[in-house]
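Peer 1: pasting the structure only:
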C-alpha cells in the first residue's frame, strides 16, 4: 500500500492527520512522517504492520495518538511552509511585473461555475413546480447535487481568499507560535 493510502487508514484513529496529507504538495512527505511515527511506536518494519498493530492493540493506539500529538508542531510547520512557499512565489512574480494567470483563471472559473449552478438550481426549481402548485419530486431532486456542486465552487473561492488574505487572525497567531516553538523529535 502506498504511503498516502496507509496514512489515510491511520487517520481513522487520528483524524487531524488528514490536514497534512490532503491538499498539499508535501502530502507524501507528511504521510511518510505519520507512518514513521506509527512504525516507531509499534516497533513494526512496515506501514501495514504498524497499522495492523494499532488496530489490534489499544495500548499501541494510545501510544500512536500521543506520538502524533507530540509531533504535531513539526507536521504543522511543514504544512504551513508549503503554503508560504506558494505565497512567496506570487510575491516574486509581482516583483517581476508578472501575474499568476492560472490563479486568475481558476477564480473566474469558480465564479462562473457557481453562478451556472445557482442558475440551474433556480431553473430546476421553476421546472419542478407545476401550474397547480404541486412539486415534482424527481425534478426537484436535482437541486441536491446542484447544491453540492455549487458548494464546491464556493469552497474554491473561499480557499482562494484564504490564500490571498490569510485564513484568520488565529492562523497568523498559530504561524507565529510555530515559528518560535523548538523542534520536537
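Peer 2: Arrived safely, thanks for sending. Not measured: the values here are computed from a predicted model.
Peer 1: Could you say whether the residue sitting furthest away from the middle of the chain sits in a helix, a strand or coil?
Peer 2: Distance to the chain centre peaks in the chain at residue 132, reaching 45.7 Å (criterion: Cα atoms, centre = their mean). Using DSSP: H, G, I helix; E, B strand; the rest coil, the secondary structure recorded for residue 132 is coil.
Peer 1: mind checking pLDDT for it?
Peer 2: pLDDT recorded at residue 132 is 70.
Peer 1: any idea how far it lies from residue 5?
Peer 2: Residue 132 is 53 Å from residue 5, where distance means Cβ to Cβ, to the nearest Å. Where you see a C-beta, it was placed from the backbone N, CA and C, and this is true even at glycine.
Peer 1: again, but for residue 67
Peer 2: Counting by Cβ to Cβ, the gap from residue 67 to residue 5 is 20 Å.
Peer 1: And residue 115, by the same measure?
Peer 2: Separation of residue 115 from residue 5 (Cβ to Cβ): 37 Å.
Peer 1: Same check on residue 68?
Peer 2: Here residue 68 is placed at a distance of 18 Å from residue 5 (Cβ to Cβ).
Peer 1: Between those two, which is the more surrounded one?
Peer 2: residue 68 (22 against 13; other Cβ atoms under 10 Å).
Peer 1: And that one, how far from residue 4?
Peer 2: Distance, residue 68 to residue 4, using Cβ to Cβ: 16 Å.
Peer 1: care to break the chain down by domain?
Peer 2: With domains defined by automatic domain parsing, the chain comprises 3-91, 100-180.
Peer 1: for the ones you listed, which one ends up most surrounded?
Peer 2: domain 3-91 (a mean of 17; mean count of other Cβ atoms under 10 Å).
Peer 1: Could you give the backbone dihedrals for residue 135?
Peer 2: Recorded main-chain torsions at residue 135 are phi -110, psi 130, according to degrees, to the nearest 10.
Peer 1: right, and it touches residue 126 too?
Peer 2: No. In this structure, residue 135 is not within contact of residue 126 by Cβ atoms under 8 Å, at 11.5 Å.
Peer 1: Could you tell me which helix of the protein is the longest one?
Peer 2: Ranked by residue count under DSSP state H, the longest helix found in the chain is helix 101-128.
Peer 1: That one: how far from the chain's middle?
Peer 2: Averaging C-alpha positions (Cα atoms, centre = their mean, to the nearest Å) puts helix 101-128 22 Å from its chain's average.
Peer 1: quick one, helices of this protein?
Peer 2: Secondary structure of the chain (DSSP H): helices located at 3-10, 18-21, 27-42, 47-56, 58-70, 72-95, 101-128, 137-140, 143-165, 169-180.
Peer 1: Export these to a markdown table and append columns for mean pLDDT.
Peer 2: Below are these laid out as a markdown table (pLDDT from 0 to 100):
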| stretch | mean pLDDT |
| --- | --- |
| helix 3-10 | 86 |
| helix 18-21 | 78 |
| helix 27-42 | 88 |
| helix 47-56 | 92 |
| helix 58-70 | 91 |
| helix 72-95 | 70 |
| helix 101-128 | 89 |
| helix 137-140 | 80 |
| helix 143-165 | 85 |
| helix 169-180 | 59 |
